[in-house]
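Asker: With the sequence up front, the predicted model follows.
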Protein chains: 2
Amino acid sequence: MRRITIKKGALLQKSGELDSKVYHVNSGLLRSYTLDEKGKEHIFMFAPENWTIGDSLPPDVPCELYIDALEDSDVWVLQKDIQREAPNIAAFIKRLSVLQKRVIMLMSASATERFEHFEQTYPDILQRVPQKMIASYLGIAPETLSKLKRERHK
Amino acid sequence: MRRITIKKGALLQKSGELDSKVYHVNSGLLRSYTLDEKGKEHIFMFAPENWTIGDSLPPDVPCELYIDALEDSDVWVLQKDIQREAPNIAAFIKRLSVLQKRVIMLMSASATERFEHFEQTYPDILQRVPQKMIASYLGIAPETLSKLKRERHK
DNA sequence: CTTATTTCTTAATCTAAGTTAATAGATACT
DNA sequence: AGTATCTATTAACTTAGATTAAGAAATAAG
């Protein structure tokens, strides 16, 4: 658990890196964000004083987010495996990582992309619930999902 | 930690209730969802076998989600305060609850509603970062945010 | 102070997705 | 089997928000 200071604009973590950390902000302001295929930024979270920010993923998985400083900041750097010692933490990390991916999807992907991601990630659920519920989960109208499926197989 | 069986269609939890539980699905399929002002359903999560589902909120706060069974199911009911015994769990619950609200916002609120919610929830951050970053966080174009602000104060 | 870079606003299109409505398939119900 | 309810499809129309582009404000930098 190191304490570091970083200047405005400095990058703490790049998407794709391993051994990502969790940062607790003592003073200043950090943010995390993703870049989509077109290079567009999507801000995932702001972390002002007393907030914690980090990829909600196990440390052995390449991270999804960039983290940088929007102001000169003073932060604690927390190693993820330390946190993991507590029981049941893995379950919380899993729930967080599912929600993190969901937010990124909702912010940066089109209806078609969200549907295709769902098909690949939860093929089982696709079979078990009515299509209008899939649409509701994806945040689109059932009519739109119907249209997407037709247009795709043409 | 009770074990219960529920029939397809049965409701386990209503939005607004206190002392919400966490459910671990042994068999069957549960889902959680919200209702917006127009009565429209927004599915937050599906929970098939071996998934855990529940409002990511402390048990003393009224819950936001409805939870019901999409298939006959066999589930463990977990009391939240038991989980809370572990250290640092409160921090995880906080991060989960922020993400849960974020997903609900992205799925069910218009750009204007998302902005107004942000203004009320993070007035501090509003002052500290450029507007285009607020737009990026909200999932809208900076031009749209500019337009919304103008149209509102008319 | 002056120039350069970044941020914000405005307006004119354009498009993805919502809404409405009507029809057809499925499932369930008696 | 026959009616009712729920689910999926299709098409016409509407709309929220994206995109593009240009100019104005503001901030930073020499």
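Answerer: Sure, I can see it. Residues are numbered from 1 along each chain as shown, chains lettered A, B, ... in the order given.
Asker: residues touching the nearest residue to A:Ala47 once chain neighbours are set aside, list them.
Answerer: Spatial nearest neighbour of A:Ala47, excluding adjacent residues (C-beta to C-beta, 6 or more residues apart in numbering or on different chains): A:Ile53 at 3.7 Å. For the C-beta atoms, the positions are set from N, CA and C on the backbone; glycine is no exception. A:Ile53 sits next to A:Val22, A:Tyr23, A:Val25, A:Leu30, A:Arg31, A:Ser32, A:Met45, A:Ala47, A:Ile67 when contact means C-beta atoms under 8 Å, 6 or more residues apart in numbering or on different chains.
Asker: hang on, A:Ile53 is in a helix, isn't it?
Answerer: No: using DSSP: H, G, I helix; E, B strand; the rest coil, the secondary structure at A:Ile53 is strand, not a helix.
Asker: Show me the contacts of A:Ile53 that map onto strands.
Answerer: Among the contacts of A:Ile53, DSSP state E puts A:Val22, A:Tyr23, A:Val25, A:Leu30, A:Arg31, A:Ser32, A:Met45, A:Ala47, A:Ile67 in strands.
Asker: In chain A, which residue sits closest to DNA strand D?
Answerer: Closest residue of chain A to DNA strand D, C-beta to the nearest atom of the strand: A:Gln131 (3.3 Å).
Asker: so that residue sits right up against A:Ser146, yeah?
Answerer: Yes: counting by C-beta atoms under 8 Å, A:Gln131 does reach A:Ser146; the two are 7.4 Å apart.
Asker: which of the contacts of A:Ile53 sit farthest apart?
Answerer: Among the contacts of A:Ile53, the pair separated by the greatest distance (C-beta to C-beta) is A:Val22 and A:Arg31, at 14.6 Å.
Asker: Between the two, tell me which one has more neighbours.
Answerer: A:Arg31 (24 against 21; other C-beta atoms under 10 Å in any protein chain shown).
Asker: got a list of what the residue of chain A closest to DNA strand D touches?
Answerer: By C-beta under 8 Å, 6+ apart, the contact set of A:Gln131 is A:Pro142, A:Leu145, A:Ser146.
Asker: Now A:Gly111. Its backbone dihedrals?
Answerer: No Gly there; residue A:111 is Ala. Phi and psi for A:Ala111, reported as degrees, to the nearest 10, are phi -60, psi -40.
Asker: Give me the number of neighbouring residues for the nearest residue to it once chain neighbours are set aside.
Answerer: Of all residues not flanking A:Ala111 in the chain, A:Ile140 sits nearest, at 4.7 Å (C-beta to C-beta, 6+ apart). Neighbourhood size, A:Ile140 [other C-beta under 10 Å]: 19.
Asker: right, and A:Ile140 touches A:Ser110 too?
Answerer: No: when contacts are counted by C-beta under 8 Å, A:Ile140 is not listed as touching A:Ser110 (9.7 Å).
Asker: Mind pulling up the pLDDT for A:Leu99?
Answerer: Per-residue confidence at A:Leu99 stands at 97 (pLDDT).
Asker: show me the contacts for it.
Answerer: Taking C-beta under 8 Å, 6+ apart as the criterion, A:Leu99 is in contact with A:Ser56, B:Leu96, B:Leu99, B:Gln100, B:Val103.
Asker: Let's see that with 6 Å instead.
Answerer: Neighbour list for A:Leu99: B:Leu99 [criterion: C-beta atoms under 6 Å, 6 or more residues apart in numbering or on different chains].
Asker: May I see the buried residues of the helix or strand where it lies?
Answerer: Per DSSP states H and E: A:Leu99 is located in helix A:89-108. If you call a residue buried by 16 or more other C-beta atoms under 10 Å in any protein chain shown, then helix A:89-108 has these buried ones: A:89, A:92-93, A:95-97, A:99-100, A:102-108.
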